[in-house]
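A.B. asks: generate coordinates for the sequence data below:
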Amino acid sequence: MTEQVRDPQTLQARWEAVRRRIAAAARAAGRDPASVGLVAVGKGHPAEALAALAAAGQADFGESYVQEALPKLEALARRPGLRWHFVGALQANKTRAVATRFHWVHAVDRLRIARRLSAQRPEGLPPLAVCLQVQVAPEPQKAGLPPEEALALAPEVAGLPRLRLRGLMALPPRTADPGRQRAHFRVLRELLEELRRRGLELDTLSMGMSGDLEAAVAEGATLVRVGTALFGPRPPRGNA
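C.D. replies: Sure, this is the predicted structure:
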C-alpha cells in the first residue's frame, strides 16, 4: 500500500496535479476551471499535512470526525482564510461543535440534525452552509436521502434561520466505469435542477473524489472532495 504523504514538497506536487486534473476535466466539459472548487479531505492525516497544503494556497479542508477535526482546527487557527467543511455523517450529540466551528456541512439527511445546527449556530457568525446528502443509487449501508425525500426535505431546511441550503452532496457506489460514474452524478445534477425549478436558490453540487472527479466535473460538480490523491491512503481509524 502507498505510504501516507507528509513531505511538504510532495504534498504540493500532488495538490498541483489534482488541480490540473480538475482544470482539464472542466475544460473538456466546456466549463471554467474556476467554477470547480477543491475540498482537501484530511481525515486520518495529521495537521502538519494540512498545513503544508494551506501554505501552498489550499483554502478548503474537509473532515469527517469531530474529535479528530477539532485539534486540527486549533493547530491551523492562525492561518487566515481557511474554510472548514464537515463531510461525514453527523450525530446529534456532535452538532454543537460543528455548528460553532465549521463553515459547511455536506451530509445533512435529517430534519432533526438541520434544526439542531440552526439552533446552535452562533448569532455572530454567517449562516452555516449546508448540503443535503442524497443516495443516487440504493445502498442501504450508506447514509443519505432517496431523491424523492430530498425534494420534500429541501424546502424545510432552506427555511431554517441560521442555515443556508447551498445544494446537494452524494457518495455514489464505487465503479471504475466512467459511464456509470456519470450516470450516478447525473441523478444529483437533475435533482438540483428540479429543486431550482421549484424556486430554491441552490448553487452547489458536492460530488466527486480521487477516483471519479473527472466524471463529476463533467456532470456539473462545483465542489470535489479529494483525500487519497492528495495525502495517500488513510491509516486504520485507531491509528489516525
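
A.B. asks: low-scoring stretches of this protein, by residue?
C.D. replies: For the chain, the stretches flagged by pLDDT under 70 are 1-4, 236-240.

A.B. asks: all helices for it, in order.
C.D. replies: In the chain, the segments counted as helices under DSSP state H are 8-28, 47-56, 66-75, 95-101, 111-120, 147-158, 178-197, 213-218, 228-231.

A.B. asks: just these: most buried one?
C.D. replies: helix 213-218 (a mean of 24; mean count of other Cβ atoms under 10 Å). C-beta coordinates here come from the backbone N, C-alpha and C atoms, glycine included.

A.B. asks: off-centre distance for it?
C.D. replies: Helix 213-218 has its C-alpha centroid displaced from the chain centroid by 14 Å (Cα atoms, centre = their mean, to the nearest Å).

A.B. asks: what packs against it?
C.D. replies: Helices and strands touching helix 213-218, by 3 or more Cβ pairs under 8 Å, 6 or more residues apart in numbering; DSSP states H and E, are helix 8-28, helix 178-197, strand 223-226.

A.B. asks: looking at those, which is nearest to Arg121?
C.D. replies: strand 223-226 (20.4 Å; Cβ to Cβ).

A.B. asks: which strands and helices sit next to that closest one?
C.D. replies: strand 37-41, strand 204-206, helix 213-218.

A.B. asks: contacts for it?
C.D. replies: Identification of contacts with strand 223-226 by Cβ atoms under 8 Å, 6 or more residues apart in numbering yields 18, 22, 36-41, 60, 62, 85, 87, 106, 204-210, 213, 216-217.
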